[in-house]
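Asks: structure, please.
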Amino acid sequence: MNRIICDIHNAEQNSRKTIEFLTQNSSYYWIADYPVAVVHEKNRIENATTLTELEEINYFDAEGFSKKSYTQQEIRLLKNTFPETLKTVYCICLTKQAKGEYFFREKFEHDRWKKIQDQTFNMEAFVESSKFKDSDNSEMIETCLRDIMRSAKEIPSLKAIGFVWIVTLPKDTKVIDILEHYFGNNHIFIEKGRKITYIAWDERLANINMRQFVNTP
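Replies: As a prediction, this is how the structure comes out:
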């Protein structure tokens, strides 16, 4: 995990295009906007026009369920044309170059989402990035982080790997108590003019305890 954090720190410090920098300067493989879940069941699509268009490209089988595997071209089509049909993360860190299809599987028959399967155990960590304004308070920041982690913990392949949170804030915004609460000492920062960017991480998302809050809900 130390190498991953070092790479991300260098990218954040030296470029405005973090993922492009990582792609060119890291021994890991990085994929932006990585798909982690696709809509599983036909009746989960609320927009009638979207449903019709999905049926025209045979998104659902005869029983009304989505496929279990997608080519990279098919995922691009969904991202560009039907973004509501999938969930993505800011980027994923892989130990080797991704090839072939993406595989998804539901846990129960009528789940809303099919979730990404790390069939080759290639996923090393995933990254999410958040930005906040002067008017955003500590409670809002913590809620955002918890929403990210709660959603990711519902996906077994993400729960089992490293998690990195990049958060950019105005310098006067106090966030150390949140970082220490969820990540212990695993956080560093970079000052950028009036902004400060923190990089916080855990070697395994499942390790992060979400039972207590910093800000009482």
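Asks: please count neighbours and contacts with C-alpha atoms only from this point.
Replies: Fine.
Asks: quick one: secondary structure of the residue lying farthest from the centre of the chain?
Replies: For the chain, the C-alpha farthest from the mean C-alpha position belongs to Ala62; by CA atoms, centre = their mean, that distance is 31.1 Å. Ala62 falls in the coil class when you classify it by DSSP: H, G, I helix; E, B strand; the rest coil.
Asks: look up phi and psi at it.
Replies: phi -60, psi -30 (degrees, to the nearest 10).
Asks: how about the one helix or strand Lys79 maps to: buried residues?
Replies: Secondary structure assignment for Lys79, by DSSP states H and E: helix 72-81. Along helix 72-81, these residues count as buried under the neighbour rule (16 or more other CA atoms under 10 Å): Ile75, Leu78, Lys79.
Asks: for whichever helix or strand comes after it, packing partners?
Replies: Following helix 72-81 in sequence order, the next helix or strand is strand 86-94 (DSSP H and E). Under the contact criterion of 3 or more CA pairs under 8 Å, 6 or more residues apart in numbering; DSSP states H and E, strand 86-94 touches strand 29-39, strand 123-131.
Asks: recalculate using a threshold of 10 Å.
Replies: Here strand 86-94 touches helix 18-25, strand 29-39, helix 72-81, strand 113-116, strand 123-131, helix 138-153, strand 162-170, going by 3 or more CA pairs under 10 Å, 6 or more residues apart in numbering; DSSP states H and E.
Asks: could I get the buried residue list for it?
Replies: Buried positions in strand 86-94, judged by neighbour count with 16+ other CA under 10 Å: Leu86, Lys87, Thr88, Val89, Tyr90, Cys91, Ile92, Cys93, Leu94.
Asks: could you do stretch 25-42 as well?
Replies: 26, 28-32, 34-42.
Asks: same question, stretch 198-211
Replies: Along stretch 198-211, these residues count as buried under the neighbour rule (16+ other CA under 10 Å): Tyr198, Ile199, Ala200, Trp201, Asp202, Glu203, Arg204, Leu205, Ala206, Ile208.
Asks: picking up where we left off before, touching the helix holding Lys79 from outside, list them.
Replies: By CA atoms under 10 Å, 6 or more residues apart in numbering, the list of residues contacting helix 72-81 from outside reads 33-35, 38, 50, 53-54, 59, 69-71, 82-88, 99-102.
Asks: ok so, going back, and the buried residues of strand 86-94 as CSV, adding pLDDT and distance to Trp165?
Replies: Listed next are those as CSV, based on pLDDT from 0 to 100; distance: CA to CA, whole Å:
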residue, pLDDT, distance to Trp165
Leu86, 95, 21
Lys87, 97, 17
Thr88, 98, 15
Val89, 98, 11
Tyr90, 98, 10
Cys91, 98, 11
Ile92, 98, 12
Cys93, 98, 13
Leu94, 97, 17
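Asks: make TSV from the residues you listed and add distance to Glu142 to it.
Replies: Putting the buried residues of strand 86-94 into TSV (distance: CA to CA, whole Å) gives the following:
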residue	distance to Glu142
Leu86	25
Lys87	21
Thr88	20
Val89	18
Tyr90	18
Cys91	21
Ile92	22
Cys93	24
Leu94	28
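Asks: so what's the most centrally placed residue in the chain up against?
Replies: Centroid check for the chain by CA atoms, centre = their mean gives Val89 as the closest residue, at 2.4 Å. Contacts here follow CA under 10 Å, 6+ apart; on that basis Val89 touches 31-37, 126-129, 148, 152, 158.
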